[in-house]
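Enquirer: this one's structure only:
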Ligand code: AMP
Ligand code: MN
Ligand code: MN
């Protein structure tokens, strides 16, 4: 296991650096990526930011986001590659053959298998952005307004606007510092939570209209199919946060979103209210995450995947909460 100091030392001799984050990037991944990119450039490094998936519409207010390239092909070799906010395979890039001499992984997911020699994992961090803040502090790099906005976005989104259990005194202190450095909180709120497309809300209405729950009412779920995306003129990024509405039902302990990603493939998002730990289950299903928020992508028909996932979740609820 690595730490900020070791990572800074390892980067000293590197000139060209690639930074990548997980597929379907979120506010934490993108905020961390941009803040680190800007910081490394201040150190005189040549930085390439490249992810599998493009920056979602709601994050296009982030400074310099247009510099993040996307797509399955990354050309060139780099002195170092840094993967943020996920384990390296979840970038969906390179199929294990990474184009750099030094491989650095900075993440806060407890399920990260820690396979890279330079892995810094802090499962207690509210967001990867909190870790990047500490890295910059350790490196003695001043945080300018753009970097502050990016890191504030990381912490704000990954804590569900300072509501989830990962909200800590430390992340609030750091956020206060970021506001002092010039981050505009309403700019983030308006773009991330008050700029939904009309079609997204129509999709939400349809999806919630078909919400189901288990007989004991402790498990509830919704499904979004390709057909529904097509019918409503929406895409995967329009389902961001849908699962939280399902969790918000009184009595529900675990909420599940099944989102179609290919003809016979579904992404599942799992959310717990805190009495059920979902991280091991998500890992057993080939994914990962945190105690209260985890996910995976499964191959099969909707019917088969639903039967399997609902059966496994019911077992976990029973074993951790009893009858
Ligand atoms: P999501 O349901 O995609 O919002 O993800 C919930 C949490 O689980 C986030 O912290 C994700 O980074 C994490 N997560 C989702 N899918 C995976 C996966 N396949 N492998 C590891 N972590 C995941
Ligand atoms: Mn993330
Ligand atoms: Mn995160």
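Expert: Yes, it's here. Here the structure is a predicted model, which is why all the values come from computation and not from measurement. Ligands and ions are numbered 1, 2, ... in the order given.

Enquirer: Excluding chain neighbours, what is closest to residue 129?
Expert: Take residue 129 and drop its neighbours on the chain: the residue closest to it by C-beta to C-beta, 6 or more residues apart in numbering is residue 154, 2.3 Å away. C-betas here are computed from N, CA, C, even on glycine.

Enquirer: Residue 207 too?
Expert: Leaving out its chain neighbours, the residue that sits closest to residue 207 by C-beta to C-beta, 6+ apart is residue 222, at 4.9 Å.

Enquirer: got the contact list for that neighbour?
Expert: Shown in contact with residue 222 (C-beta atoms under 8 Å, 6 or more residues apart in numbering): 207, 208, 210, 211, 212, 242, 243, 246, 256, 257, 258.

Enquirer: From residue 246, how far out is the fifth one?
Expert: Right, the one you point to is residue 212. Going from residue 212 to residue 246 by C-beta to C-beta, to the nearest Å gives 10 Å.

Enquirer: Name the residue in these two with the higher neighbour count.
Expert: Comparing residue 212 with residue 246 by other C-beta atoms under 10 Å, the one with more neighbours is residue 246, at 23 against 13.

Enquirer: The contacts of residue 222, buried ones only, as a ChimeraX selection?
Expert: Buried members of the contacts of residue 222 can be picked out in ChimeraX with the line below, counting by 16 or more other C-beta atoms under 10 Å:
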select :207,242,243,246,256,257,258
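
Enquirer: The contacts of residue 222 in helices, which ones?
Expert: The helices, defined by DSSP state H, take in 207, 208, 242, 243, 246 from the contacts of residue 222.

Enquirer: which of the residues you listed lies closest to ligand 3?
Expert: Ranked by distance to ligand 3 (C-beta to the ion), those are led by residue 243 at 15.7 Å.

Enquirer: in the sheet, who's paired with the nearest residue in space to that closest one that is not next to it in sequence?
Expert: Nearest non-adjacent residue to residue 243, counting by C-beta to C-beta, 6+ apart: residue 257, 4.0 Å away. For residue 257, the beta-bridge partners are residue 222, residue 269 (DSSP bridges).

Enquirer: Look up the residues forming beta bridges with residue 51.
Expert: On the basis of DSSP bridges, residue 51 is bridged to residue 70.

Enquirer: near ligand 1, which residues of the protein?
Expert: Counting by C-beta under 6 Å from any ligand atom, the chain comes close to ligand 1 at 86, 90, 109, 111, 269, 287-290, 293-297.

Enquirer: let's see it at 5 Å
Expert: Contact residues, the chain versus ligand 1 (C-beta under 5 Å from any ligand atom): 269, 287, 288, 289, 293, 294, 295, 296.

Enquirer: I'd say the last one and residue 261 touch.
Expert: Looking back up the chat, that one is residue 296. No: judged on C-beta atoms under 8 Å, residue 296 makes no contact with residue 261 at a distance of 11.2 Å.

Enquirer: Excluding chain neighbours, what is closest to the residue in the stretch 151-300 of the chain that ligand 2 sits nearest to?
Expert: Taking C-beta to the ion, ligand 2 has its nearest neighbour within the stretch 151-300 of the chain at residue 158, 6.8 Å off. Ranked by C-beta to C-beta, 6+ apart and with sequence neighbours excluded, the top spatial neighbour of residue 158 is residue 127, at 3.7 Å.

Enquirer: Give me the distance between residue 184 and residue 287.
Expert: Separation of residue 184 from residue 287 (C-beta to C-beta): 34 Å.

Enquirer: Looking at the two, which is more packed in?
Expert: In this view residue 184 and residue 287 are compared by other C-beta under 10 Å, and residue 287 has more residues nearby, 21 against 14.
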